[in-house]
Structure formats: C-alpha cells, structure tokens
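>>> Got a sequence here, can you model it:
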Amino acid sequence: MMFKALLLQSWYRLSDPGLEKQLARDLLFRRLIGFDLSESVTAQSTLWRFRQKLEGESLLERSRPEVNERKSTDGYTD
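Numbers count the residues shown, from 1 in each chain. Okay, the predicted model is just below:
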C-alpha cells in the first residue's frame, strides 16, 4: 500500500501533506491504494519515513524502470 501511495504521489506531483489529504478525501486514491473506507489515512510522516528508507536502499531508483514500463504498456502516460 505504501509503495502504491508513493507512485500516486509521484504521478500527481503531490507533497506529503497533499498526498495525505488526497488519501483522506479521494475515493479513487483510496481504492487504488487498497484502503478500506473505515481505515484511517497514513500520516504524512509515515509516508516520508517509508520513502526515506526506500531511497536509502536505492529501491526507488531500481524500481522506476519497471514501473514506467508497466505504466506505458497499460496505456498510462505522465
């Protein structure tokens, strides 16, 4: 769920507070991430810490080509 949230954040160019706000009010975002309507939204600080961990291990950079490939083959564009 957290990785999907970071993808949406990147694609929609949202700040951490902006992503938290979108997850709280946008049903499409919640559905894409896999949040149930009754679940509380992930705090921006949690999203930040998760991204920092991935960046620290270079996992975001290593996953970017595969994500972009899948995105383009599914018909999505930036």
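
>>> Output the below-cut-off pLDDT ranges for the chain.
60-78 (pLDDT under 70).

>>> Now do the contacts for F29.
L8, Q22, L23 (C-beta atoms under 8 Å, 6 or more residues apart in numbering). Placement of C-beta: from N, CA and C, glycine included.

>>> Verify the stated contact: the last one with I33.
It stands for L23. Yes: L23 lies in contact with I33 (C-beta atoms under 8 Å); the separation is 6.8 Å.

>>> Please tell me how far the closest residue to L37 other than its chain neighbours sits from T42.
Spatially, and ignoring its direct neighbours in sequence, L37 is nearest to R30 (6.9 Å; C-beta to C-beta, 6 or more residues apart in numbering). Distance, R30 to T42, by C-beta to C-beta, to the nearest Å: 11 Å.

>>> Which parts of this structure are helices?
2-11, 16-25, 27-33, 44-56, 59-73 (DSSP state H).

>>> re the thing from before, who touches both of L23 and I33?
With C-beta under 8 Å, 6+ apart, L23 and I33 have common neighbours A5.

>>> quick one: which of these two has more around it?
L23 (25 against 21; other C-beta atoms under 10 Å).

>>> Show the contacting residues for the more buried one.
L23 sits in contact with A5, F29, R30, I33, F35, V41, T42, where contact means C-beta under 8 Å, 6+ apart.

>>> Ok, I33 next?
M1, K4, A5, L8, L23.

>>> State the distance from the first one to A43.
Here the distance between M1 and A43 works out to 13 Å (C-beta to C-beta).
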